[in-house]
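Enquirer: next input, structure requested:
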Amino acid sequence: MEIKHLPFIVILVVLLATTGCLTAPGPDVGRDLAHPSALAPATTPPSDTRVPSITTTDLPAADGTSFQPSSSQVTDLIAFVGDAVVYTQRVGKETAVKEFSDKNGSFTRGEQYIWAYDYGGINLAHPYHPEYKGQNKLSLTDDEGVRMIEAMRDVARNGSGFVWYHFANPLTGKTEPKLAYVKQVDDTWWLASGIYGPGLSIPGDAPEMVRERLHAKVAQAVGYAREVGEEGALVAFNNKSGSFASDGTYIFAFDMNGTTLAMPFYQSQIGANERNLTDINGVSIGEEKIRIAGKGGGFFYYVYNNPADAGKPEFKVSYIEPAGPGWVVGTGTYLPDIPVRFSEERRTELVTRVREAAAHVEKNGRNASIYLFNSPKGSFLDQDMFIFAFDRNGTQLANPYLPGLIGVNRLSDRDRYGSYPVQGLIEHAARGGGFTYYFFADPATNYSIRLKLGYTELAGGDLVVGAGIFPDT
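Expert: Reported below is the predicted structural model:
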């Protein structure tokens, strides 16, 4: 199974179905839900549970005063940590760690601050506990027995996520409930920040929540298929009025040749081979889902017609898993607020630019080309369509706007909706060139994270060169 579920992640899955958001659990919840049976697959079709709108609670703060938590606090927390990750990509690890360690630095804002660790549990930065630096803190435990750093490390291995625990507030000196948001920087270290207070709500549309919800639905479908067999399961999956088609999501299925087995709202596609299917922007759907399934399952992105929105093409995040020998099930969710319009003219320009970069490599050699791609005065510099480069092992060799990434292996990079973008960029290049959706910092909008359409090809046999464009405005 792709996602490594800890007690804290289990809480996300189980509570989501009934609340639509998550609030801080009581001290025993994590231990109760840690049992493997908490995630046992359903052997009957799931009931039509619906996810209501996000709610918050009005609870007393630790000092007895009124505390009104807001999901916007969590949204701001996610953005703060995202900004810190982009900062490391711009200035490099050494400079970033120094800034995060500074109690008067730009990433220390009262009770909200950044801390950082490597995956061995060694502290790299903590502005209020400089004595932690260089120490292994995996055994650091709160009053409720939560090994907080160990939990954060394991969440970071999934790319990003949340951990609840108790910790001293540097402004009050009191131990208070705390919600941390954790994000991997690369495969050697991670960072996090947190907010204090009871009753904090994680928005139901947060990417980590979307990820868990899709994983849980596929787990139910796989369990059902194993109980009743492929034939019986496909009948249930193809029933557009059934319990597997609810809340704007449905189960689809295909075999490893690309033949559609289940598609409840587009039943004319059942039996059709869609291996060569692409979306409106030329991004592979058929080959990509076979590639992901061949790795044991995972998340991928594409634009698809939303049956709940009059068939309008919308951005979709899907998760798939093998259900048995030779066939795969999946589900997805549409995210209509994410712009997906990339004009044909700009896509053509994108391909042309990458091929010009590849030709430069062939003519001038690898080293000279990488130097030019990284040059702030180079002919390939363009905020919207700059050239980047990787070796085939995933090490970043060129990125003029995020020089802190140079020399970093990014093969394990995982974005918030669960995809491994660098793996996709490399594999599409190896297949002769192709498009990939991923989320990345836009230097033209103060490095805000936006959907990007990348195109990659191989150059000189082993260098992956590419560029990308952000959606049309």
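Enquirer: which stretches of the stretch 51-200 of the chain form strands?
Expert: 59-60, 66-67, 108-109, 112-113, 115-118, 123-125, 160-168, 175-186, 189-196 (DSSP state E, counting those that start in this stretch).
Enquirer: residue 249 is nearest to which of the ones you listed?
Expert: Taking CB to CB, strand 160-168 is the member of the strands of the stretch 51-200 of the chain nearest to residue 249, at 21.2 Å. Using the backbone N, CA and C atoms, a C-beta is placed for each residue, glycine as well.
Enquirer: now that closest one: buried residues?
Expert: Under the neighbour-count criterion of 16 or more other CB atoms under 10 Å, strand 160-168 has 160, 161, 162, 163, 164, 165, 166, 167 buried.
Enquirer: quick one: which of those is nearest residue 298?
Expert: residue 160 (15.5 Å).
Enquirer: so where's the stretch 151-300 of the chain shaky on pLDDT?
Expert: For the stretch 151-300 of the chain, no stretch is flagged by pLDDT under 70.
Enquirer: how about the helices in the chain?
Expert: Remark: helices assigned in the chain by DSSP state H are 7-19, 29-32, 71-91, 93-101, 148-156, 207-228, 230-237, 286-294, 344-364, 366-374, 421-430.
Enquirer: for residue 313, which of those is the nearest?
Expert: Nearest of the helices of the chain to residue 313, taken as CB to CB: helix 344-364 at 14.3 Å.
Enquirer: just the C-alphas of the closest one, formatted as PDB.
Expert: Backbone C-alpha positions of helix 344-364 (Å, rounded to 0.1, in the frame of the first residue of the first chain) are rendered in PDB as follows:
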ATOM      1  CA  GLU A 344      -2.600  25.100 -28.200                       C
ATOM      2  CA  GLU A 345      -0.400  28.000 -29.300                       C
ATOM      3  CA  ARG A 346       1.400  28.100 -25.900                       C
ATOM      4  CA  ARG A 347       1.700  24.300 -25.800                       C
ATOM      5  CA  THR A 348       3.300  24.300 -29.200                       C
ATOM      6  CA  GLU A 349       5.700  27.100 -28.100                       C
ATOM      7  CA  LEU A 350       6.500  25.000 -25.000                       C
ATOM      8  CA  VAL A 351       7.500  22.000 -27.100                       C
ATOM      9  CA  THR A 352       9.500  24.100 -29.500                       C
ATOM     10  CA  ARG A 353      11.500  25.700 -26.600                       C
ATOM     11  CA  VAL A 354      12.300  22.300 -25.100                       C
ATOM     12  CA  ARG A 355      13.500  21.000 -28.400                       C
ATOM     13  CA  GLU A 356      15.700  24.000 -28.900                       C
ATOM     14  CA  ALA A 357      17.200  23.300 -25.500                       C
ATOM     15  CA  ALA A 358      17.800  19.700 -26.400                       C
ATOM     16  CA  ALA A 359      19.400  20.700 -29.700                       C
ATOM     17  CA  HIS A 360      21.700  23.100 -27.800                       C
ATOM     18  CA  VAL A 361      22.800  20.100 -25.600                       C
ATOM     19  CA  GLU A 362      23.500  18.000 -28.700                       C
ATOM     20  CA  LYS A 363      25.500  20.800 -30.300                       C
ATOM     21  CA  ASN A 364      27.400  22.300 -27.300                       C
END
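Enquirer: chain center to that helix, what's the gap?
Expert: 28 Å (CA atoms, centre = their mean, to the nearest Å).
Enquirer: one more: stretch 426-445?
Expert: On the basis of CA atoms, centre = their mean, stretch 426-445 sits 15 Å off its chain's mean C-alpha point.
Enquirer: cool, stretch 85-100 as well?
Expert: 21 Å.
Enquirer: how about that stretch: buried residues?
Expert: By neighbour count on 16+ other CB under 10 Å, the buried set for stretch 85-100 is 85, 86, 87, 88, 89, 90, 92, 93, 96, 97, 99, 100.
Enquirer: how about those in JSON lines, adding distance to residue 155?
Expert: Shown next, in JSON lines, are the buried residues of stretch 85-100 (distance: CB to CB, whole Å):
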{"residue": "85", "distance to residue 155": "15"}
{"residue": "86", "distance to residue 155": "20"}
{"residue": "87", "distance to residue 155": "21"}
{"residue": "88", "distance to residue 155": "18"}
{"residue": "89", "distance to residue 155": "20"}
{"residue": "90", "distance to residue 155": "24"}
{"residue": "92", "distance to residue 155": "24"}
{"residue": "93", "distance to residue 155": "20"}
{"residue": "96", "distance to residue 155": "20"}
{"residue": "97", "distance to residue 155": "20"}
{"residue": "99", "distance to residue 155": "23"}
{"residue": "100", "distance to residue 155": "19"}
